[in-house]
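Chemist: Return atomic coordinates for the entry below.
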Amino acid sequence: MNDETVILDQEAPELDTLMLIIKSFLEHLEYTLGKDKYSATHHDIFNALAYAVRDRMVERWLDTQQAYYNQDPKRVYYVSMEFLMGRTLENSLVNLGLLEDFREAMNSLGYNLDDFIEQEQDAGLGNGGLGRLAACFLDSMATMSLPGYGYGIRYEYGIFRQSIVDGAQMEIPDNWLRYRNPWELDRQEHLHPVKFYGRAVERKDAEGKTVFDWIDTEDVMAMAFDTPIPGYGTNTVNTMRLWTAKSTREFDLSFFNEGNYIRAVEKKMMTENISKVLYPADHIPEGKELRFKQEYFLASATIHDVIYRFHKMHDDLRHLPEKAAIQLNDTHPALCIPEMMRVLLDHHRLDWETAWEISTKTFAYTNHTILPEALERWPVWFFEHILPRHMQIIYEINDRFLAEVRKRFPGDTGKLERMSLIEEHWERKVRMANLAIVGSHSVNGVAALHTEILKDHLFHDFYEMYPERFVNKTNGITQRRWLKTANKGQSELIGRRIGTGWVNNLYELTKLHHLADDPAFLSEWQRVKRENKEQLAAYILKHNCIQVNVDSLFDCHVKRIHEYKRQLLNVLHVITLYNRIKANPAGDFVPRTIIFSGKAAPAYVIAKLIIRLINAVGDVVNNDPDVGDRLKVVFLANYSVSLAERIFPAADLSQQISTAGTEASGTGNMKFALNGALTIGTLDGANIEIMEEVGRDNIFIFGMTAAEINELRGNGYNPREFYSRNPELKKVLDMIAEGFFSPRQHDLFRPIIDSLVNQGDYYMLMADYASYIACQEEVGRLYLDRDEWTRKAILNCAGMGKFSSDRTIDEYAREIWDVKPLEVRPVLEYRQHDGVQ
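Modeler: This next block holds a predicted model:
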């Protein structure tokens, strides 16, 4: 570092913060973007602003990396196919403590900061809870000063943009990089080759040892793009590293010279498709192969990068588990395990036992699903064709593992079949969850019930084999984004009454308990909630052309559209309410605005049909003069993090109604409760723990338990019985089946009815319908007593301390990763300490 840099560091604290911000903004506008105030577009202003904010992060980012290099701590590598980060501008300013400084600076230049916050496009590199959880975890790791990195893929097109046309979901490519991503820095020096196809050749080396060469491969380069992740109230800025696919050569000059320009660039285009799109359609072979290649691309690049970083300071790979903890976020990154073994065996020539010990001590696996069909299984021929050396390694892992099983459970062939990494059915497949369990030292569920189901049912054989590996780590959310940033009114109200300690320690919200009976506080809480509802109502009017009653109960069901999440059960309740109003137009009904939002996978036909049904029911209900503003149905298109930040603060009721025993955890339930919504839900996922924290009297619970569902299934569940003996339910289903909501195509929704009445109703909507309707009636009665409703809402918020991702990450760090916080001091302090001055 030269003397000029030292002088700048010494003088910087004395310069006026606002002038530094203005100077940085104007310099980026002129020198980075080549614009002035006359030629700059709105996008130019946003980018110059973002670069100015990034400058403030980069200062701390470099300090953080230097601290990690100097002190050489153990680091966490969180590997995930999804990172649903949302918008970055406001969240970064909040965490840096510079929001008001930048607001004032932009005002002085004649700009409104909020306009640019709203302009930013979400980075939609995820589909739902899995990716959003990963984003919350990165925020918590940085805030808690834990040395951590996120590893994922820089998809050129994120989760599709959803539009609703004639009630149906339409998918539009999400070209989120169209106007550049100002938050990232490309790291062209971090290029790792990733191999596919070819063949594995066995040979003897000079010492007579058997070694394997993976030859005749098709190669692609993985190039790193880094995004800084600032912690709140700390100097730590961690890194999210996303990989993009680059061809090993730009084009084939021989084809180009022959005039065959398409063939000249064909190889480049095919290679770079790997990082083109999140979740390619896997119902066709080409999409399935691309998805598989994406998973290995992430695994290979990440493992090479982790080992590269380790080798900067260390030579002996036997010490890798002392310096690296790799967390696999679901089974998608499970290929990291055979890739680690390949690198240790084939590149570094370690023996199997040593390599396996290093690998298992390094990896930990988080399971996110208990639906058997959602557990990844890849055909063996896929492996043999695309990753031939890895298939050999998996066979070896399986042989050694099954030998342990035979020794532990002699004669139990059923256990051998269930625990094998290879499924031996008509098409042999590799069970990725089994691989992840066998290859990791820790396996965790994400809610108490979920973990018990893993131990008692889904992975019971493995639990018997390795009971010490199975632990629970209930999910959490970051309160910095989901309360402080998303709900400024409630955040400021809480801060005025109990202080702001909750921003770093969410358990501080317990201080709200004594305010729940304070009339003045209840009145302020109601004022804030109404303002939030007015803002959402304005958004609904603008985007859906529906005028809603802000005094109505905002009943919200927002999440990925899936049969097990039971949006359909909610629709049945909507039609039930509609029928009751039609039967008694002069009756006294609690007004409701029922809000849906969420995306269905493009190939998930029944889920897309449910979206169409929601909109069809809304068309009837919203235009019936007998109903008026007593009932409205709204489907908000293109659900995203930024849209969620509008919905959660305005919600009165949170729908968490999945079939008991199907939802691993859920985090939407936590976000709603933190923002003062009451929950109606089943005893599923984290609902149970929310109930324990907020009190059984402050949550609406209905439906069968997981045990009761298993018993009913075992005794032979017949949904038609429920249809026949419940007149209200029968009428609702008949209206759908007979085309009441689809007059132009009477049988449009017949597949939905068939799935409920004639095809087993796997998620047991019929069995839970009566209990759900009764529970919703209880909701309506309580809403009439606004003070009592508000008191319970405050108690829900007060009970959310456990559900901070800070608590979750602290448990991971202490009990799985063995990683400790590391204080990051500004570089100037290091220089002073080291005598540079």
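
Chemist: Look up how far Thr451 lies from Asp461.
Modeler: To Thr451, Asp461 is 16 Å away according to Cβ to Cβ, to the nearest Å. Using the backbone N, CA and C atoms, a C-beta is placed for each residue, glycine as well.

Chemist: And these two? Which one has more around it.
Modeler: Remark: of Asp461 and Thr451, Thr451 carries more neighbours, 22 against 19, as counted by other Cβ atoms under 10 Å.

Chemist: Find the helix or strand that that one is a member of.
Modeler: Secondary structure assigned from DSSP states H and E places Thr451 in helix 448-453.

Chemist: tell me which strands and helices the helix or strand just after that helix is in contact with?
Modeler: The C-terminal neighbour of helix 448-453 among helices and strands, as given by DSSP H and E, is helix 460-465. When contacts are defined as 3 or more Cβ pairs under 8 Å, 6 or more residues apart in numbering; DSSP states H and E, helix 460-465 sits against helix 388-408, helix 413-419, helix 432-438.

Chemist: give me that answer again for 6 Å
Modeler: helix 413-419 (3 or more Cβ pairs under 6 Å, 6 or more residues apart in numbering; DSSP states H and E).

Chemist: May I see the buried residues of the helix it packs on?
Modeler: Of the residues in helix 413-419, 415, 418-419 count as buried by neighbour count, 16 or more other Cβ atoms under 10 Å.

Chemist: next one: stretch 224-242
Modeler: Residues of stretch 224-242 classed as buried by neighbour count (16+ other Cβ under 10 Å): 224-232, 234-242.

Chemist: Equivalent analysis for stretch 64-72, please.
Modeler: Buried, per 16+ other Cβ under 10 Å, within stretch 64-72: 64, 67-68.

Chemist: so of these, which ones are in strands?
Modeler: Among the buried residues of stretch 64-72, DSSP state E puts none in strands.

Chemist: between those residues, which is nearest Asn698?
Modeler: Using Cβ to Cβ, Thr64 comes nearest to Asn698 of those, at 41.0 Å.

Chemist: how about that closest one, what does it touch?
Modeler: 236-237, 824 (Cβ atoms under 6 Å, 6 or more residues apart in numbering).

Chemist: Now, the residues you listed that are in helices?
Modeler: Taking DSSP state H, every one of these sits outside helices.

Chemist: what's the neighbour count on Ser771?
Modeler: There are 14 residues near Ser771, going by other Cβ under 10 Å.

Chemist: Helix or strand: which one has it?
Modeler: Taking DSSP H and E as the definition, one finds Ser771 inside helix 765-783.

Chemist: Give me the spatial nearest neighbour of His128, chain neighbours excluded.
Modeler: That one is not His; residue 128 is Gly. Arg560 (4.3 Å; Cβ to Cβ, 6 or more residues apart in numbering).

Chemist: Looks like the one you found contacts Ala600 (just checking).
Modeler: No - between Arg560 and Ala600 there is no contact under Cβ atoms under 6 Å: 7.7 Å.

Chemist: The two: which has the busier surroundings?
Modeler: Counted by other Cβ under 10 Å, Arg560 and Ala600 do not tie: Ala600 has more neighbours, with 21 against 18.

Chemist: measure the nearest residue to that one once chain neighbours are set aside to Gly598 for me?
Modeler: Distances taken as Cβ to Cβ, 6+ apart place Ala607 nearest to Ala600, at 3.6 Å, with adjacent residues excluded. Distance, Ala607 to Gly598, by Cβ to Cβ: 9 Å.

Chemist: Then Leu177?
Modeler: 24 Å.

Chemist: Would you double-check that Gly150 falls in a strand?
Modeler: Yes - looking at Gly150 with DSSP: H, G, I helix; E, B strand; the rest coil, it is inside a strand.

Chemist: Phi first, then psi, for the nearest residue to it once chain neighbours are set aside.
Modeler: Among residues not flanking Gly150 along the chain, Met240 sits closest, at 4.0 Å (Cβ to Cβ, 6+ apart). Phi and psi for Met240, reported as degrees, to the nearest 10, are phi -110, psi 120.

Chemist: what's the answer for Lys802, then?
Modeler: The phi/psi pair for Lys802 (degrees, to the nearest 10) is phi -60, psi -20.
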